[in-house]
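S.K.: pasting the structure only:
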DNA sequence: TAGATTGTTAATCGATTAACAATC
DNA sequence: TAGATTGTTAATCGATTAACAATC
């Protein structure tokens, strides 16, 4: 546990910076300033420098940042310098969509296993994976070295699946079910609520202004 | 445009409060205090009172809040006291999953139309909807009184679809494509990045602590 | 009246922005 | 050296929390 805190907004912006830097690399840009990054992604240049300053000194005064180097640093900070092995539990519409979602693989998240309890779904082909029985959970977590579990089961089954994942050794969980999950402090949990996005839009439309 | 700003976090918490209040109603609870709501959803009681105070006085000193009344107020604040008509553009895996996602309908978001350009997808059944050609966009927006457009097309097509939706009269857009969209100030835009959630987990795992 | 809980103000905390010395 | 841009400190801004008068 570090002594200082890093704002979550900083981490989310680093993700945005890394995508922009990848774009600059593909355009053959060698050097970039905090101001150019800032204009590219719509934040202030002070914000860009401050975000980077949490993690080190990556630039050269008077010159700027080497695009390739900065990209490597940011990807390493985000932990995206290697592949994470992912298991999806729940092969309904949402789970299936996530299983074949290209955006994950592009960023180093490789879905190694998709499980479900339903006989109808077991055996179903999803890209180059086949949906397997939930009974294989423990075996697949250890065999495939699963780091992250994605939960897309109905709310009623979510805590039980969570417990199984944790017992099997998964260290992080992304929860799409509308259920508050209990996990030990050693496990990183993140909840995604798809409809809250629509609800914020609804609020904005009703109140007649953009938030923030 | 209001003179004071309401934190987005407040709006997201109101969404959480409303779900908890619905739960309390189903349990037959008549009166609730800010402290009980706070414990129920994991925030401070001052936070609950402050969030509500932006919008009015809904409680009785010394007593608390009438659950049914407070629920009605919060749902009205969020704009969820009526149905919003939604169009999904892009009937790939993600778009199809969202089209049949029960969580939306539960909160008053009714998917009225799903469009795609692909001949393979046009005609496909999704729940009680059929995927139609993108050529019908303008017609369906006006015929179905579409309020909100959800964009689940590839990045390359996202801006064009956005422009069409806006010309057709849509007032809010939820964008799942990894593309920065340009919209006029009068249109409310919200971007959802599914993989940023995994990236925050990745950062937490790499740095060995929970953020915030 | 005594006890409880709201609504609101003031204090605190944390994140963003502005400014500038360091330095290429 | 003159010009540019970083890294960092101080100022500002905004959100959360604590405290309490109002009041049921």
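M.R.: The structure has been received and is ready for your questions. Note that the structure is a prediction, hence the values are computed from the model and not measured.

S.K.: who does the helix ranked longest in chain A touch, helix- and strand-wise?
M.R.: Counting residues, the longest helix found in chain A (DSSP state H) is helix A:8-26. Counting contacts by 3 or more CB pairs under 8 Å, 6 or more residues apart in numbering or on different chains; DSSP states H and E, helix A:8-26 packs against helix A:34-41, helix A:45-53, helix A:67-77, helix B:194-207. Glycine gets a C-beta too; all of them are placed from N, C-alpha and C.

S.K.: how about the least confident helix or strand in chain A by mean pLDDT and chain B, touching?
M.R.: Ranked by mean pLDDT, DSSP states H and E, the weakest helix or strand in chain A is helix A:102-106, scoring a mean of 91. Yes - contact of helix A:102-106 with chain B (CB under 8 Å from any CB of the partner chain) involves A:103-104, A:106.

S.K.: now swap in stretch A:147-156 and tell me
M.R.: Yes - contact of stretch A:147-156 with chain B (CB under 8 Å from any CB) involves A:147-148.

S.K.: other residues contacting that stretch?
M.R.: Contact with stretch A:147-156 is made by A:84-92, A:94-95, A:98, A:109, A:141, A:158, A:161-162, A:165, A:170-179, A:181, B:198, B:201-202, B:205, as judged by CB atoms under 8 Å, 6 or more residues apart in numbering or on different chains.

S.K.: what residues does the least confident helix or strand of chain A touch?
M.R.: A:86, A:98, A:110-111, B:178, B:194-195, B:198.

S.K.: ok, 6 Å please
M.R.: Residues outside helix A:102-106 that contact it (CB atoms under 6 Å, 6 or more residues apart in numbering or on different chains): residue B:195.

S.K.: what comes up buried for stretch A:48-66?
M.R.: A:48-49, A:51-52, A:58-59, A:64-66 (16 or more other CB atoms under 10 Å in any protein chain shown).

S.K.: and of those residues, the nearest to DNA strand D?
M.R.: residue A:59 (3.1 Å; CB to the nearest atom of the strand).

S.K.: nearest to DNA strand C: which residue in chain A?
M.R.: For chain A, CB to the nearest atom of the strand, closest residue to DNA strand C: residue A:62, 2.1 Å.

S.K.: just flag the most distant two among the buried residues of stretch A:48-66.
M.R.: A:51 and A:66 (17.4 Å; CB to CB).

S.K.: residue numbers of chain A in contact with DNA strand D?
M.R.: Neighbours of DNA strand D within chain A, by CB under 7 Å from any atom of the strand: A:33-35, A:45-46, A:49-50, A:52-53, A:57-65, A:212.

S.K.: again, 6 Å this time
M.R.: Proximity of chain A to DNA strand D (CB under 6 Å from any atom of the strand) is limited to residues A:33-35, A:45-46, A:49-50, A:52-53, A:57-59, A:61-65.

S.K.: low pLDDT regions in chain A?
M.R.: A:1-4, A:209-212 (pLDDT under 70).

S.K.: stretch A:35-51 and DNA strand C in contact?
M.R.: Yes - Stretch A:35-51 lies within reach of DNA strand C by CB under 6 Å from any atom of the strand, at A:44, A:46-47, A:50.

S.K.: which SSE is immediately downstream of the longest strand seen in chain A?
M.R.: Assignment by DSSP state E gives strand A:109-116 as the longest strand of chain A. For strand A:109-116, the succeeding helix or strand toward the C-terminus, using DSSP states H and E, is strand A:125-126.

S.K.: what strands line up against that following strand, and which way round?
M.R.: Using DSSP bridges, strand A:125-126 pairs in its sheet with strand A:129-130 (antiparallel).

S.K.: what does the partner strand rub up against?
M.R.: Contacts of strand A:129-130 (CB under 6 Å, 6+ apart): residue A:114.

S.K.: and that strand, how far out from the chain's middle?
M.R.: Centre-to-centre, strand A:129-130 and its host chain are 22 Å apart (CA atoms, centre = their mean, to the nearest Å).

S.K.: same check, this time on stretch A:91-105
M.R.: That offset, for stretch A:91-105, works out to 13 Å (CA atoms, centre = their mean).

S.K.: thinking again about what came up before, of the residues of helix A:102-106 next to chain B, grab the buried ones for PyMOL.
M.R.: Of the residues of helix A:102-106 next to chain B, the buried ones can be selected in PyMOL as follows, counting by 16+ other CB under 10 Å:
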select buried, chain A and resi 103+104
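
S.K.: closest one to residue A:24 out of the residues of helix A:102-106 next to chain B, please.
M.R.: residue A:106 (16.8 Å).

S.K.: quick one: the closest one and residue A:19, what's the gap?
M.R.: Residue A:106 is 10 Å from residue A:19, where distance means CB to CB, to the nearest Å.

S.K.: returning to that earlier point: now do the contacts for the residue of chain A closest to DNA strand C.
M.R.: Per CB under 6 Å, 6+ apart, neighbours of residue A:62: none.

S.K.: so it sits in a helix?
M.R.: No - going by DSSP: H, G, I helix; E, B strand; the rest coil, the assignment for residue A:62 is coil, not a helix.

S.K.: quick one: buried ones out of the residues of stretch A:35-51 next to DNA strand C?
M.R.: If we count by 16+ other CB under 10 Å, the residues of stretch A:35-51 next to DNA strand C have these buried: residue A:47.

S.K.: what count of nearby residues applies to the nearest residue to residue A:187 once chain neighbours are set aside?
M.R.: Using CB to CB, 6 or more residues apart in numbering or on different chains and skipping the chain neighbours, the partner closest in space to residue A:187 is residue A:166 (5.7 Å). Using other CB atoms under 10 Å in any protein chain shown, residue A:166 has 19 neighbouring residues.

S.K.: also residue A:186?
M.R.: Quick note: residue A:186 (other CB under 10 Å) scores 8 neighbours.

S.K.: where's it, which helix or strand?
M.R.: Assigned by DSSP H and E, residue A:186 belongs to no helix or strand.
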